[in-house]
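>>> here are the coordinates; sequence isn't available:
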C-alpha cells in the first residue's frame, strides 16, 4: 500500500469545503483513524501544517500576493493551499529546508495534471525564497489596524473590534497570544485519584507536566503531546482533557452532593463530568445538547471516568425547555453557543469562520436560552452563564439584557463565592473574565445569577 504523505493529508484537510470552527481537527482525527499506519511524527507534522496555515493564512496570502503578476483571486483554491503550505514551511518551520518545501509543493501541483501550474508554483516559491528577508507589510504608522491584521493574521474587523474594546497595546498582546501553539491542559478525575498522584503517574510515562496556576485539579503538559488515548492513565480514567478556564467554571457554579444540576449545550461533556466529580457522584447532572453524536461521546467518556450520575438528553436548549421537565434545578450551567474568539489559539480556523453578523445572531440566541433556563431554576438556586469568547456583545451585554427581562433574577458577585485562588480572575463587576495574554489560558467569560425568593 502506498504511504500517505503528511503534506497531502494537510492539503486535503485545507481543501475541505466545510467552514466551521474546529472542523479541521475533526477532519484530521477522522483521517488518522482511517490511516492507522501513519506514525506519530507524521501526525504531528500534518497537524502542525494545517493549524499553521489556518493560524497564519492572511499573512501567507499577503506574502504570496507580492510575487504574482495577476490578481490574487484568480488562483484556484487547491493551488492556493499548495502555496500556503509551502510558504508556511518556508517562514515558520525552521527544520524544513526551503528546497524540500518547494519541491514537495511542485509534486503536489504536478498531481493536478496541469503543466503550467507546476511552473507557476515552482516559480513563485523560488522567488519567495530569494526575497524572504525583504517582505513589505502595511505601514504601521498610517494604518495600525491594517498592519496588525496582516502581520498577526486576523480579520481586520476583529482587530478593530478589539482595539475599540481593549485598547491598542492589549489588542496586540492578545493577537500575539492567540498565535501561540497552546500546551495541552487536563483535569484530574478526583473520583479516582488526586493531582499529585496523577502527576507522578504521568512522569512515570515520561510525560513532562506542571500543575496549573489556578484550577486545583488542572495539569498542563510542558511540550507537544501525542494522541491522548495512548496514555495509559487516560485509558484508566484518571483524567479528562479540558482547558483550565473551563475547569474554573464548574467551581464557580459550585454544585454540592445531592444537587440536581442542568448542563445546557453540554457538548462532549467536559463540564458535565467535572460537575459530577465535584458532587462526588451524589445527585444528578442532566446534560442536554441538540447533537446526539456529541452526547453518545459524552456517555462513552463518562463510562471511562467511572461516572454514572449524568443523564444525557437530546433537545434544543433554545426551545421550550419547560415542556421537557416537571422539576426545578438547584444549579444550571448555560454554556452558551458563542463566537469562540477566546479559543483561537486552539482553533485558528475560528478566525475565518466567523464575522460580525455571527456575534449579533449568537447574542440573541444566548438570551433566548437564558430566558428558557431561568424558568427551570428553583428559588435560591444559581445559574452560571459561560462563553469562550472575548466579545462584549456576547458577554456583559447579554448578562445585563437578561437581567432587564427577568426581574426575578439577580446578579451574584462571583468574588463572594470563588476560592481565594480565583479572586484575580473576577473583574470589578463580579464577572469571571480570563484572557490568553494576561492569564495564560483561554479567553472565558462567566456571569452568575440567582433566583430571588420574593
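Structure received. Please read all numbers here as calculations on a predicted model, not as lab measurements.

>>> surely residue 292 meets residue 313?
No: Residue 292 is beyond contact range of residue 313, at 10.2 Å (criterion: Cβ atoms under 8 Å). Placement of C-beta: from N, CA and C, glycine included.

>>> Of those two, which one has the most company?
Higher neighbour count among residue 292 and residue 313: residue 313, with 14 against 10, using other Cβ atoms under 10 Å.

>>> For that one, give its distance to residue 325.
Distance from residue 313 to residue 325, counting by Cβ to Cβ, to the nearest Å: 9 Å.

>>> pLDDT at the residue nearest to residue 23 when sequence neighbours are not counted, what is it?
Spatial nearest neighbour of residue 23, chain neighbours left out: residue 349 (6.6 Å); criterion: Cβ to Cβ, 6 or more residues apart in numbering. According to the prediction, residue 349 has pLDDT 92.

>>> Residue 349: how many residues sit nearby?
Residue 349 has 24 neighbours, counted by other Cβ under 10 Å.

>>> you'd agree it is up against residue 52?
No: counting by Cβ under 8 Å, residue 349 does not reach residue 52; the two are 11.7 Å apart.

>>> and residue 303, how far is that from residue 434?
Going from residue 303 to residue 434 by Cβ to Cβ gives 31 Å.

>>> Quick check on the two: which one has the bigger neighbour count.
residue 434 (24 against 11).

>>> Not counting sequence-adjacent ones, nearest residue to residue 193?
Setting aside the residues directly before and after it, residue 193 is nearest to residue 238 in space (Cβ to Cβ, 6+ apart), at 5.0 Å.

>>> ok, residue 136 - contacts?
Neighbouring residues of residue 136 by Cβ atoms under 8 Å, 6 or more residues apart in numbering: residue 66.

>>> right, and the secondary structure at it would be what?
coil (DSSP: H, G, I helix; E, B strand; the rest coil).

>>> measure it to residue 307 for me?
56 Å.

>>> From residue 244, how far off is the residue at minimal distance from the centre of the chain?
When Cα atoms, centre = their mean is applied to the chain, the residue found nearest the centroid is residue 343 (3.8 Å). Using Cβ to Cβ, residue 343 is found at 12 Å from residue 244.

>>> Touching both of these two, which residues are there?
Common neighbours of residue 343 and residue 244 (criterion: Cβ under 8 Å, 6+ apart): residue 442.

>>> buried set for the longest helix along the chain?
Longest helix of the chain, by residue count under DSSP state H: helix 356-374. Counting neighbours by 16 or more other Cβ atoms under 10 Å, one finds that the buried residues in helix 356-374 are 358, 359, 362, 363, 365, 366, 367, 369, 370, 372, 373, 374.

>>> Ok, stretch 37-51 next?
38, 42, 43, 45, 46, 47, 48, 49, 50, 51.

>>> got it, and stretch 244-262?
Buried positions in stretch 244-262, judged by neighbour count with 16+ other Cβ under 10 Å: 244-255, 259-262.

>>> Keep only those of those that are in helices.
Per DSSP H, the buried residues of stretch 244-262 map to helices at 244, 245, 246, 247, 248, 249, 250, 251, 252, 253.

>>> Look up how far residue 256 lies from the fifth one.
So that's residue 248. Separation of residue 248 from residue 256 (Cβ to Cβ): 17 Å.

>>> same thing with residue 382?
For residue 382, the distance to residue 256 - Cβ to Cβ - is 11 Å.
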